[in-house]
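In: coordinates only, no sequence provided:
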């Protein structure tokens, strides 16, 4: 009687085999990338980014390393997170709305929040951007649209970091607020018009496809890099599961969405920020978490490790 082998005979590349298993050498600090990503970025390539907290870290490193990182509205505090004053965008719905108001039409039923006590005007669709009056808000937003158009039209590479799947949706028109936060929320502003929900695979994939369509209609040569933010949920609005489980569901859903989206388009690429932070650092017996009260964030050492691999994957001649 023949005895079958436990493992099939097949020729794998080293990056296809789990690092350190059998005779595949594990090199601490060296994530198993393919030799070529199929995308090349040099210091003259205009790069834009948008997304969750980790988008801010990408911005910092690219600027520090001398890359042509697109910076619009540099005097606006919300621009420290992205290439324009988009602020932090944690979900694909908020991202899609940015592309819609930049190039198409986005007219939600509730355009501005008025804080009940201080009467500050707040933009519900960009995280905690405040004004003293409606006139000031409208004037600034008109200018913001022009800056947003310039940033996206100029980009040869656009990096989108996907954060979470939990959203707050307007019951009447389906628009999604960024977060129930800021003075409107803190001063007791009503959220009766909104419902909390966990967005699902198909919804997030549809959002990315709509973003892709808008980008290509306005900048056909732009390539996209999709990455999952390694920053974990600080809290969950879900009442049916704990925050760690909710975080796992959120990241897993977005990772599956990213995989399908990348497979559909030959000019869209995936970069494993989340995998480097959560799996690869563990293999080196290190933690990816910041110490103290913000231990859901990623520490500086892990950010540097991720960005070194990012530059190695997309820039020629980058060595460790």
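Out: Received it, and whenever you're ready, just let me know what you need. Nothing here was measured: the structure is a model prediction, and the numbers come from that model.

In: okay, the nearest residue in space to residue 24 that is not next to it in sequence: pLDDT?
Out: Closest residue to residue 24 apart from its sequence neighbours, by Cβ to Cβ, 6 or more residues apart in numbering: residue 17 at 4.3 Å. The C-beta positions use only the backbone N, C-alpha and C, and glycine is treated the same way. We have a pLDDT of 89 for residue 17.

In: any idea where the helices of the protein begin and end?
Out: Using DSSP state H, the helices of the chain run over 53-64, 92-103, 134-154, 182-186, 201-218, 243-264, 273-275, 281-283, 300-314.

In: who are the packing partners of the third one?
Out: Under the contact definition 3 or more Cβ pairs under 8 Å, 6 or more residues apart in numbering; DSSP states H and E, helix 134-154 sits against strand 47-51, helix 92-103, strand 121-123, helix 201-218.

In: need the winner for burial among these.
Out: Of all the helices and strands packed on helix 134-154, strand 47-51 has the most neighbours on average by mean count of other Cβ atoms under 10 Å, namely a mean of 26.

In: which elements pack onto it?
Out: Judged by 3+ Cβ pairs under 8 Å, 6+ apart, the packing partners of strand 47-51 are helix 53-64, helix 92-103, helix 134-154, strand 157-162.

In: of these, give the one that comes closest to residue 231.
Out: For residue 231, the closest of these is helix 53-64, at 4.8 Å, according to Cβ to Cβ.

In: what's the angle from that closest one to strand 157-162?
Out: Angle, helix 53-64 to strand 157-162, by axes from the mean of the first three to the mean of the last three Cα atoms, to 10 degrees: 150 degrees.

In: buried residues in helix 53-64, which are they?
Out: For helix 53-64, the neighbour count (16 or more other Cβ atoms under 10 Å) marks 53-59, 61-62 as buried.

In: can you put the residues you listed in CSV and add pLDDT?
Out: Formatted as CSV, these follow (pLDDT from 0 to 100):
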residue, pLDDT
53, 78
54, 80
55, 82
56, 84
57, 84
58, 87
59, 90
61, 89
62, 92
